[in-house]
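>>> heads up, no residue letters with this:
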């Protein structure tokens, strides 16, 4: 997790602002609300790569036609414990929240349920949806495939998306545990960031246009799977599993065939799939016993000896530690995103939110 | 995948021999048959780390009392799509095959099902069970936790097991796709093997007794998570997810509290848990469309450009390529395992199998 200083905003102000932006840009009320909910939730949880900085991108895809502004989303229950959300080429966010709602409804009776989402688009941080399930007492596994940016093991050309895997589970007396990880070592954004800061990339995380490993961010064009040059078949294996669950099970094509996230084509729907599995813990074990096991495991983990200056943490702990700071001081925004949002606000005639502690100029 | 030459045996001969060994050592018929089935299947699929070389270890745990020789295994359906196998401290193999059977029976109607296995023991290669489901037309996700051998990110002491994750899915016209990966870069066995061969380990895969990274196999005592020193929080995150699903959901303690696989205590039951998720593809999508998507994705993947002398492969492809060789020439056994099995055969009065092409002396 990398955090940063920047102009800060109250969570509520940011939500209203972003929701208004999408509505003024033509999105229906449900879509606007879901996108705002997801990106503000991600930013509040210090998951900045998938937070408010994605808003300008989402606005562009909405304005240029990649995204259906008024999707007629449908849910079909195919069997007692599985169902399919057709996102009708709308944003992936409302479709993914819907998947969690429907999955919870089914798993409440069946113990486990799966929802395959098709005809969808980028849905931000997959963890937004799994943690939402955990806040409501369910465990969840979530994943999405994406356009080609990750080079398969031994390959020289991008084939997989960074295809993240997320897992969340309720923890008594604290926020849910949340694992939310790409199957590459770094996101593509890290390359762009390092170009801007002029610093080298670590070895074995990125390749140049010939598929050769490079640490020079100016030459890097794609990322390597988790595990690097030697063990990357494991990260690529996870990416493969996720691509299959999000394509063959959702009725979509595999990620390699999807239009690129970053354009230049922002007019064709991406037709991506997501896959969610919901579990009701207290149908597996008595709730007290379940809670005790989770708490005991996390207690043992967090008290393990560590290298000097470090602590052993559970997935999501670094972000959890930053959350109170953001609640107290507001959600930070980097200058590039803020500039883009001000332009969008002017374009769509939406009032800018007031930053914490004063004016923006 | 590393393969090797060695004394070779016909699959059928090896199965009969191993089953007899376990029966003569006191295991009931079902347990003996399930262990033999799993280890021979793993060896036939060139998954040698979890194949017949584990038989001497399993015999020791049976002889010394860690394993219940005549378990009264039970299955309880807790809700329409979930159930629990109580392995009664027997081998993990019959319990895991049972989990697949019960999971398939449930998922046939509900579309997805989960089976949590508790009071179990080491079950060999998790992929033995997920691929068995795929051979019967189902997709499966399988996992097991294990005793502490993997150092958590930033930690200096083993906490997680190597906690493998497996995924298998039917592929029309060929063997199922099988991903079966530990959440460490290397298995503990690799350290022992490198001690024997006197070769260094790669960097960032193992640590010494102080938790400091080492490439010297003689100093290495535990393994690092997939992702190494920088991105190991991802491998450790997967290990954490698997530990929780295999403990809190199965009613078992987390892996850190389990007796060590390698002993010296071989008398106390390990009380491990496994977790399986079964999916019925043709309830998600029409079977033809599903098969076409899987085949099209694998076709595109396997035809991707690669580094000179390499090929881009799908999970399990290296093992798949070796299978016909083993079918034709027999299953190879390393000399150390063969010596141990001959001693066990003498001890339990079981006739040795005849190697392919002649006598063993």
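Structure received. Everything numeric here is computed off the predicted structure, so don't read it as measured data. Numbers count the residues shown, from 1 in each chain, chains lettered A, B, ... in the order given.
>>> can we go C-alpha only for contacts and neighbour counts from here?
OK.
>>> Now the residue nearest in space to the middle of chain A. Its backbone dihedrals?
Nearest residue to the geometric centre of chain A (CA atoms, centre = their mean): residue A:125, 1.1 Å. As for residue A:125, its main-chain torsions (degrees, to the nearest 10) stand at phi -90, psi 120.
>>> Please apply the same query to residue A:143.
phi -160, psi 160.
>>> who does it bridge with?
Beta-bridge pairing of residue A:143 under DSSP bridges involves residue A:165, residue A:275.
>>> I'd like to check which residues are in contact with it.
A:126, A:163-166, A:242, A:246, A:274-276 (CA atoms under 8 Å, 6 or more residues apart in numbering or on different chains).
>>> and it, how far is that from residue A:60?
24 Å (CA to CA, to the nearest Å).
>>> List the backbone torsions phi and psi for the closest residue to chain B within the stretch 201-350 of chain A.
Relative to chain B, the nearest point of the stretch 201-350 of chain A is residue A:306 (4.0 Å; CA to the nearest CA). Backbone geometry at residue A:306, expressed as degrees, to the nearest 10, gives phi -130, psi 170.
>>> Quick check: chain neighbours aside, which residue is closest to it?
residue B:155 (4.0 Å; CA to CA, 6 or more residues apart in numbering or on different chains).
>>> can you count the residues close to that neighbour?
By the other CA atoms under 10 Å in any protein chain shown criterion, the neighbourhood of residue B:155 contains 25 residues.
>>> Likewise for residue A:351?
When neighbours are counted by other CA under 10 Å, residue A:351 registers 13.
>>> quick one, what contacts it?
Under the criterion of CA under 8 Å, 6+ apart, the contact list for residue A:351 reads A:17, A:345.
>>> Regarding the closest residue to chain B within the stretch 51-200 of chain A, what are the backbone dihedral angles?
Of all residues in the stretch 51-200 of chain A, residue A:155 sits closest to chain B, at 4.0 Å by CA to the nearest CA. When read as degrees, to the nearest 10, the backbone of residue A:155 gives phi -90, psi 170.
>>> how close does it get to residue B:112?
34 Å.
>>> Residue A:101 too?
Taken as CA to CA, the span from residue A:101 to residue B:112 is 17 Å.
>>> Could you do residue A:153 as well?
Residue A:153 is 31 Å from residue B:112, by CA to CA.
>>> The helix or strand hosting residue A:243 - contacts with which helices or strands?
Assessed by DSSP states H and E, residue A:243 sits inside helix A:228-247. Here helix A:228-247 touches strand A:139-144, strand A:272-279, strand B:174-181, helix B:287-302, going by 3 or more CA pairs under 8 Å, 6 or more residues apart in numbering or on different chains; DSSP states H and E.
>>> hmm, the helix or strand that the second one is followed by in reach of chain B?
Translated: strand A:272-279. Downstream of strand A:272-279, the first helix or strand assigned by DSSP H and E is helix A:281-284. Yes: counting by CA under 8 Å from any CA of the partner chain, chain B is contacted by helix A:281-284 at A:281, A:283-284.
>>> Any chance of these in TSV with neighbour count and pLDDT as columns?
Below are the residues of helix A:281-284 next to chain B laid out as TSV (neighbours: other CA atoms under 10 Å in any protein chain shown; pLDDT from 0 to 100):
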residue	neighbour count	pLDDT
A:281	24	98
A:283	20	98
A:284	24	98
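>>> Show me which of the residues you listed is closest to residue B:193.
residue A:284 (39.9 Å; CA to CA).
>>> Tell me how far that closest one lies from residue A:298.
19 Å.
>>> circling back: residue B:159 versus the residue of the stretch 201-350 of chain A closest to chain B, what's the distance?
Taking CA to CA, one finds residue A:306 at 12 Å from residue B:159.
>>> the more surrounded of these two?
The neighbour comparison of residue A:306 against residue B:159 (other CA under 10 Å) goes to residue B:159, with 25 against 19.
>>> where in the stretch 101-250 of chain A is pLDDT low?
Applying pLDDT under 70 to the stretch 101-250 of chain A picks out no residues at all.
>>> can you pull out the helices in it?
Counting by DSSP state H, counting those that start in this stretch, the stretch 101-250 of chain A has helices at residues A:127-135, A:188-197, A:228-247.
>>> With mean neighbour count added, can I get those helices in JSON lines?
Shown next, in JSON lines, are those (neighbours: other CA atoms under 10 Å in any protein chain shown):
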{"stretch": "helix A:127-135", "mean neighbour count": "25"}
{"stretch": "helix A:188-197", "mean neighbour count": "15"}
{"stretch": "helix A:228-247", "mean neighbour count": "26"}
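>>> Residue A:329 is nearest to which of those?
helix A:127-135 (21.7 Å).
>>> How far does that closest one sit from its chain's centre?
For helix A:127-135, the distance from its own C-alpha centre to the chain's C-alpha centre is 11 Å (CA atoms, centre = their mean, to the nearest Å).
>>> what angle do that helix and strand A:272-279 make?
Angle, helix A:127-135 to strand A:272-279, by axes from the mean of the first three to the mean of the last three CA atoms, to 10 degrees: 20 degrees.
>>> so can I have a markdown table of the helices and strands packed on helix A:228-247 showing distance to residue A:254?
A markdown table is the format used below for those (distance: least, CA to CA, whole Å):
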| stretch | distance to residue A:254 |
| --- | --- |
| strand A:139-144 | 11 |
| strand A:272-279 | 8 |
| strand B:174-181 | 16 |
| helix B:287-302 | 6 |
